[in-house]
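Asker: Got a predicted model here, sequence first, then my questions.
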Protein chains: 2
Amino acid sequence: MKVAILTIGNELTSGRTQDTNTSFIARTCHLRNWPVTATLSVGDDEEAIKRALSYAMAGADAVIVTGGLGPTADDITTAAIARAFNLSLHTDETVLAKMKEIFARFHLPWTENNAKQALFPEGATVITNPTGTAPGFALKRDSRMIVVIPGVPREINRMLPEGVIPLLQRTFPEKAAHVITRTIKTFGLSEAAVDEKVADIDFAGAGIGIGFYPNFPENHIVLTARDETESAALEKLDRVTAEVLQRLPRHQIFAYDEDTLAGIIARALTEKGLTLAVAESCTGGLITDRITDVPGSSIYLERGFVTYSDRSKTELLGVPEQIIRTHGAVSEETARLMAEGARAKSGTNLGLATTGIAGPGGGSENKPVGTVYIALADGEHTMCRHYAFRWDRRRNKIIATQAALMMLKAYLAGEETNG
Amino acid sequence: MKVAILTIGNELTSGRTQDTNTSFIARTCHLRNWPVTATLSVGDDEEAIKRALSYAMAGADAVIVTGGLGPTADDITTAAIARAFNLSLHTDETVLAKMKEIFARFHLPWTENNAKQALFPEGATVITNPTGTAPGFALKRDSRMIVVIPGVPREINRMLPEGVIPLLQRTFPEKAAHVITRTIKTFGLSEAAVDEKVADIDFAGAGIGIGFYPNFPENHIVLTARDETESAALEKLDRVTAEVLQRLPRHQIFAYDEDTLAGIIARALTEKGLTLAVAESCTGGLITDRITDVPGSSIYLERGFVTYSDRSKTELLGVPEQIIRTHGAVSEETARLMAEGARAKSGTNLGLATTGIAGPGGGSENKPVGTVYIALADGEHTMCRHYAFRWDRRRNKIIATQAALMMLKAYLAGEETNG
């Protein structure tokens, strides 16, 4: 089954918004072995929508359309598509009642323009939106299907796998084909490096697709196996996964599939019954922010210190003024004492600390922007690593946070050598 | 002049690469008042390229094409475009000589496939590439122009403004038109609410475009004015901006244009010479993370406390155990004492604190998930607000952080009433 993707909105043709929906939908289709023949974006303009729809339908069995389903006057996707096929619009009373109920539950004032989101072309199948008010819909025209969903990425994240894909599978049944994917999440490996290391593996011959998806600061490798039975696909996938893993440095791989770095750390800390305190300077709170994104993190995260001033490093963590004066706030000595202080002052099993220069200012010849020290103390040993990152301020914070969590993860897995 | 954008590459239709060229080119055109009628992406496939080119040309005066100019066999853009117009290909000897010289200078081995990058359709104008080996080219067909440049973002960053835009300006001379945009950044106003409040303004009649751009948890309203002179456009924009502002609650507007919430707070704290300490429970470090995204934030951010446990609230901030036992860690009493404690223990002018239930667990009937208390202490008064958010864990953290920064910003602007 061939797919075309059409995203609608003036924010796209004006370049104001980076369209991330297209690549998400394209990737999802690609992983299912549904070729994407073209992707298009047009503004909220009826003639442009009609012309784009006709182009998209000429080359594909299914057209996935996003955007322009909001309550305001500039959102005209539903009306434009109805007119393109000479269909009338009708209100779906069930959808309308449910929307009003949501507004009432959250004490939001109901305004009449919201009722627009319950209007559908005749003959359309409604697609539920579990995380927003505007549902989507699908229309069958001859042998083709047009699927329309909102343009909000977080809504698409659920509607695509839960609503759209199953509907397309039912509409275009394929020869029994099981598709299994595996995501290998890496940190510190570039696309070119992975490419070179796995160059000798015959992916095509093994019936495996390989894709590379940068997700700063992580790089995800996605393997896709397709076969007539699930077990055959899984067997192939396992075999090639093993070949890939053999060629990649183990410490740069941190998770598979839906697992996240913070989630793996959460599991390990919980299983081992260990508690953690974090002292952050250059990362500014981003480490505890990521740790506390995991539900239940209060079990192991006792506290965090954002010791942005020298004084706070001394007062809260007990780093001697003398050390900061002699070695600098950004130094291995300070980082080690921060980790040890965070642990000792909090009464936790572990202390994790960062100190560095995020930029753009504050760098020197000896300690340029991007210099970061990360330390982990467990009461017996304190390990410390020096890093030289080379990004802008925000990305230096993100990558230093990732490096700190990688160190903690490796320690919890028994892979980190004390030193 | 109307523009269409066509990006070419299998990495785009497979979703493997996020296409950032399209939004960069679209933004550049939009700011020059050249409407973008459509943007398309197709794979490295001759028929798909021809079909997309024909669609793009039907709706635009100029088509800007990127990608598929590399030396490898899968890059077929030049050949496909030549065949689309029945043009032969010829080698540009100047370009070829220059490429060979670059290879020699960097001691790169010359391979024959590179010569492909010196092939151009007959009649093409070469567009210099100052940062890469593959030049671009332009073709005039009747009244239309097709411009083809490589797909490497850093090469486009220079070729677009230095080569493509001047060429298009010469080819399609226009009556002077000035476009000015203004962004009004709001928090707590939905798209539908804004829409209703400004419904009586005749934007079209005033020659003003209006767009809404949700950027969770912020909503941005963008007004665009076009006129023959800059002063006329500005005058129109100012008049309509004033009308819009009159209809929106002032406390829900926090910034204009490139300003950010953290940036405005940074300016206000610096100007007033005030220092800040932050105590975070449910926001988990996200407040200091946002504050420290601003370069130079160490001037006013003395420290942050991520007091995730009850014990840390008592030990670090001096919140009496008795208060937490009686009123709960998530309570107005605790929030106030956290803000006061953060301030007093740090010796700062201001203390900002959050405590709440981010979810998904931990809620109760009296204090459901999304209950958040935010307090701000200045030594004389402590103000505290109660919020009932209704999102998932991550978004509850984001929106509570925004609410805390909004409270701080209003206080610094003298808009916040103590209570």
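Answerer: Cool, the structure landed.

Asker: Could you verify my assumption that A:A268 touches A:A413?
Answerer: Yes - the pair A:A268 / A:A413 is scored as a contact, 6.9 Å apart, by CB atoms under 8 Å. For every residue, glycine as well, the C-beta is placed using N, CA and C.

Asker: Helices of the stretch 51-200 of chain A, residue ranges please.
Answerer: Remark: helices assigned in the stretch 51-200 of chain A by DSSP state H, counting those that start in this stretch are A:77-84, A:93-105, A:153-159, A:165-171, A:191-197.

Asker: hang on, the earlier thing: who has more neighbours out of A:A268 and A:A413?
Answerer: Using other CB atoms under 10 Å in any protein chain shown as the criterion, A:A268 and A:A413 rank with A:A268 on top: 17 against 13.

Asker: Quick check: which element contains that one?
Answerer: Using DSSP states H and E, A:A268 sits in helix A:261-272.

Asker: which helices and strands sit right next to that helix?
Answerer: In this structure, helix A:261-272 makes packing contacts with strand A:253-256, helix A:286-291, helix A:393-412, judged by 3 or more CB pairs under 8 Å, 6 or more residues apart in numbering or on different chains; DSSP states H and E.

Asker: Residues contacting the second one, please?
Answerer: For helix A:286-291, the surrounding residues in contact (CB atoms under 8 Å, 6 or more residues apart in numbering or on different chains) are A:261-262, A:265-266, A:276, A:278, A:280, A:297, A:301, A:304, A:352, A:354, A:397-398, A:401, A:404-405, B:283-286, B:289, B:306, B:308, B:397.

Asker: Could you dump the helices and strands packed on helix A:261-272 into JSON lines with mean neighbour count and mean pLDDT added?
Answerer: Shown next, in JSON lines, are the helices and strands packed on helix A:261-272 (neighbours: other CB atoms under 10 Å in any protein chain shown; pLDDT from 0 to 100):
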{"stretch": "strand A:253-256", "mean neighbour count": "18", "mean pLDDT": "96"}
{"stretch": "helix A:286-291", "mean neighbour count": "29", "mean pLDDT": "98"}
{"stretch": "helix A:393-412", "mean neighbour count": "22", "mean pLDDT": "97"}
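
Asker: which stretches of the stretch 301-419 of chain A have low pLDDT?
Answerer: Counting by pLDDT under 70, the stretch 301-419 of chain A contains low-confidence ranges at A:416-419.

Asker: Where do the helices of it begin and end?
Answerer: Along the stretch 301-419 of chain A, the segments classed as helices by DSSP H, counting those that start in this stretch run A:310-317, A:321-327, A:332-346, A:393-412.

Asker: Of all these, which one is nearest chain B?
Answerer: Nearest to chain B, of all the helices of the stretch 301-419 of chain A, is helix A:310-317, at 3.8 Å by CB to the nearest CB.

Asker: Touching both of A:A268 and A:A413, which residues are there?
Answerer: Contact criterion CB under 8 Å, 6+ apart; residues shared by A:A268 and A:A413: none found.

Asker: all strands of the stretch 1-150 of chain A, in order?
Answerer: Ranges of strands within the stretch 1-150 of chain A are A:3-8, A:36-42, A:62-66, A:89-91, A:119-121, A:125-127, A:136-141, A:144-149, based on DSSP state E, counting those that start in this stretch.

Asker: give me the number of residues near A:G284?
Answerer: A:G284 has 31 nearby residues by other CB under 10 Å.

Asker: same thing with the one 10 residues further on?
Answerer: Applying other CB under 10 Å, we find 21 other residues in the vicinity of A:V294.

Asker: Ok, A:I76 next?
Answerer: A:I76 has 19 nearby residues by other CB under 10 Å.

Asker: Centroid-nearest residue for chain A?
Answerer: What sits nearest the mean C-alpha location of chain A, by CA atoms, centre = their mean, is A:N215, with 6.9 Å.

Asker: quick one: it from A:T183, how far?
Answerer: 10 Å (CB to CB, to the nearest Å).

Asker: same thing with A:L108?
Answerer: 37 Å.

Asker: And for A:I127?
Answerer: On the measure of CB to CB, A:I127 and A:T183 end up 26 Å apart.

Asker: Looking at the two, which one has more neighbours?
Answerer: Using other CB under 10 Å, the more surrounded residue of A:I127 and A:T183 is A:I127, with 20 against 16.

Asker: distance of the nearest residue to the more buried one once chain neighbours are set aside from chain B?
Answerer: For A:I127, ignoring the flanking residues on the chain, the nearest one in space by CB to CB, 6 or more residues apart in numbering or on different chains is A:G136 at 3.7 Å. Per CB to the nearest CB, to the nearest Å, A:G136 is found 18 Å from chain B.

Asker: before we move on, what about A:I76?
Answerer: 14 Å.

Asker: what sits against that residue?
Answerer: Neighbouring residues of A:I76 by CB under 8 Å, 6+ apart: A:D44, A:D45, A:E46, A:I49, A:G68.

Asker: And for A:A193?
Answerer: Counted by CB under 8 Å, 6+ apart, A:A193 has zero contacts.

Asker: State the pLDDT value of it.
Answerer: What the model reports as pLDDT for A:A193 is 77.

Asker: That one and B:M338: what is the separation?
Answerer: Taking CB to CB, one finds A:A193 at 46 Å from B:M338.

Asker: returning to that earlier point: now tabulate the helices of the stretch 301-419 of chain A in JSON lines and tack on distance to B:T78.
Answerer: Output for those, formatted as JSON lines (distance: least, CB to CB, whole Å):
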{"stretch": "helix A:310-317", "distance to B:T78": "59"}
{"stretch": "helix A:321-327", "distance to B:T78": "58"}
{"stretch": "helix A:332-346", "distance to B:T78": "53"}
{"stretch": "helix A:393-412", "distance to B:T78": "35"}
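
Asker: how about JSON lines for those, with distance to chain B added?
Answerer: Below are those laid out as JSON lines (distance: least, CB to the nearest CB, whole Å):
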{"stretch": "helix A:310-317", "distance to chain B": "4"}
{"stretch": "helix A:321-327", "distance to chain B": "14"}
{"stretch": "helix A:332-346", "distance to chain B": "7"}
{"stretch": "helix A:393-412", "distance to chain B": "6"}
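
Asker: near chain B, which residues of the stretch 51-200 of chain A?
Answerer: Taking CB under 8 Å from any CB of the partner chain as the test, the list of the stretch 51-200 of chain A residues beside chain B reads A:51-52, A:55, A:58-59, A:70-74, A:106, A:108-109, A:111, A:113-114, A:152, A:154.

Asker: If any of those residues are buried, put those into a ChimeraX selection.
Answerer: ChimeraX command restricting these to the buried ones, with burial defined by 16 or more other CB atoms under 10 Å in any protein chain shown:
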select /A:51,52,55,59,70,71,72,74,113,114,152
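
Asker: Which residues are in contact with the closest residue to A:R182 other than its chain neighbours?
Answerer: Nearest residue to A:R182, sequence neighbours excluded (CB to CB, 6+ apart): A:L223, at 4.9 Å. Residues near A:L223 by CB under 8 Å, 6+ apart: A:T181, A:R182, A:I184, A:I208, A:G209, A:I210, A:L237, A:V240, A:T241, A:V244.

Asker: what distance separates the strand or helix carrying A:L223 from the centre of its chain?
Answerer: Using DSSP H and E, the element containing A:L223 is strand A:218-227. In terms of CA atoms, centre = their mean, to the nearest Å, the centre of strand A:218-227 is found 15 Å from the chain centre.

Asker: Give the bridge partners for A:A279, please.
Answerer: A:A279 has the following beta-bridge partners by DSSP bridges: A:F305, A:A353.
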